[in-house]
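Participant: Please find the sequence and the predicted model below.
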Amino acid sequence: MIYRSRAPLRIGLAGGGTDVSPYSDEFGGAILNATISHYAHAVIAPNEKGIRLQAMDRKETQCFDAIEVLPTDGTLDLHKGVFNRIQKDFGIPNKNFCLTTYVDAPAGSGLGTSSTLMVAIIGAFAEMLKLPLGEYDIAHYAYEIERKDLQLAGGKQDQYAATFGGVNFMEFYTGDKVIVNPLRIRNEYLHELENNLLLYFTSTSRESATIIKEQQKNVLQKNEKSIEAMHQLKEQARMMKEALLRGHLNEIGEILDFGFQQKRKMAHNISNSMIDEIYEAAKKAGATGGKISGAGGGGFMTFYCPLNTRYNVMETLKAFGGEIKPYQFTKQGLTTWTTQ
């Protein structure tokens, strides 16, 4: 039998960074995000002997005997982390398998690729072993493996977005408590948002851990400027939720622009001269606001382009060597199935 899964990547619309501890533990965080039609894929298929791990998009492969614990050494650690945790908690009777993954966006692009891949891998194992895991269970499991077992820096939103899917307003509290509030947005509002929101890949990736660690350090050291910026971003998430539910789409660009200005105060490398130049050029071409996806520093950017300004913005962005990525919003999160 072959066990497959896929989990959607996400666009963060507001509140980015407030899901990261220790801020979320001390003050509570709020995020608004939406999943899109780009995915992390995982497949578990029979293998003649032992364990074979491969990430097709990264051209990485490793093979092992049918052992109990796989060594985490910087290569395919997400795959190994899931295997090790599931082996420990549930047991994997048949260790002669091949785990293959592929992600539709580059690592470090700001769309939550690592955490979404983690969710997809867990989904494939859950399908194979028929594990009794609900949506909250899988998302929290992915968070624990990535942040605690593997000690990879980051927040909590991506695991929950990938598992639940759709447009969600998420709240984060101390003790790793997360509440996912699915938003019932009218279809015409979503269609207009999808039409007006450009997804632009800067053709650069970044190491999010460095930026996130500085953000965490600023909270621990009581950096007032950084903490106040996070408070404002949490408020931005509430502003975005109200605008989307009420259909006040003419406010979206300004809300994004407000968040962009606040996010730059959280850590030094969130923006840079290249990002600033792209952002200002997009605004001159007609965008009313935008944001850096994920931790910042590179990767994807989004721009809100009302009326017909998307075409002028698309033409302007060509000069920077990046790429406009088509997408659609999705309503479904992690999906798993079995085939022969």
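Facilitator: That came through fine.

Participant: So which residues of this protein form strands?
Facilitator: 2-14, 29-46, 51-55, 60-64, 97-103, 167-172, 178-182, 197-201, 289-292, 300-304, 323-324, 335-339 (DSSP state E).

Participant: what would those strands look like in a markdown table with distance to D149, mean neighbour count and mean pLDDT?
Facilitator: Just so you know, the C-beta spots here come from the backbone N, C-alpha and C atoms, and that holds for glycine as well. Output for the strands of the chain, formatted as a markdown table (distance: least, CB to CB, whole Å; neighbours: other CB atoms under 10 Å; pLDDT from 0 to 100):
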| stretch | distance to D149 | mean neighbour count | mean pLDDT |
| --- | --- | --- | --- |
| strand 2-14 | 19 | 26 | 97 |
| strand 29-46 | 18 | 23 | 97 |
| strand 51-55 | 16 | 20 | 97 |
| strand 60-64 | 18 | 14 | 96 |
| strand 97-103 | 17 | 21 | 97 |
| strand 167-172 | 20 | 23 | 97 |
| strand 178-182 | 18 | 16 | 97 |
| strand 197-201 | 30 | 22 | 95 |
| strand 289-292 | 28 | 25 | 92 |
| strand 300-304 | 27 | 25 | 94 |
| strand 323-324 | 35 | 14 | 92 |
| strand 335-339 | 22 | 14 | 97 |
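
Participant: Which one of the ones you listed lies nearest to Q157?
Facilitator: In terms of CB to CB, the element of the strands of the chain nearest to Q157 is strand 29-46, at 4.6 Å.

Participant: Are there helices or strands packed against the closest one, and which ones?
Facilitator: Where contact means 3 or more CB pairs under 8 Å, 6 or more residues apart in numbering; DSSP states H and E, strand 29-46 is packed against strand 2-14, strand 97-103, helix 113-129, helix 157-164, strand 167-172, helix 224-246.

Participant: any chance of these in a markdown table, with distance to F303 too?
Facilitator: Below are the helices and strands packed on strand 29-46 laid out as a markdown table (distance: least, CB to CB, whole Å):
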| stretch | distance to F303 |
| --- | --- |
| strand 2-14 | 12 |
| strand 97-103 | 23 |
| helix 113-129 | 21 |
| helix 157-164 | 21 |
| strand 167-172 | 19 |
| helix 224-246 | 15 |
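
Participant: Looking at these, which is nearest to I292?
Facilitator: Smallest distance to I292 across the helices and strands packed on strand 29-46 (CB to CB): 9.2 Å, for strand 2-14.

Participant: thinking again about what came up before, quick check: which of the helices and strands packed on strand 29-46 is nearest to Y136?
Facilitator: Across the helices and strands packed on strand 29-46 (criterion: CB to CB), the nearest stretch is helix 157-164, sitting at 8.0 Å.

Participant: Many thanks, have a good one.
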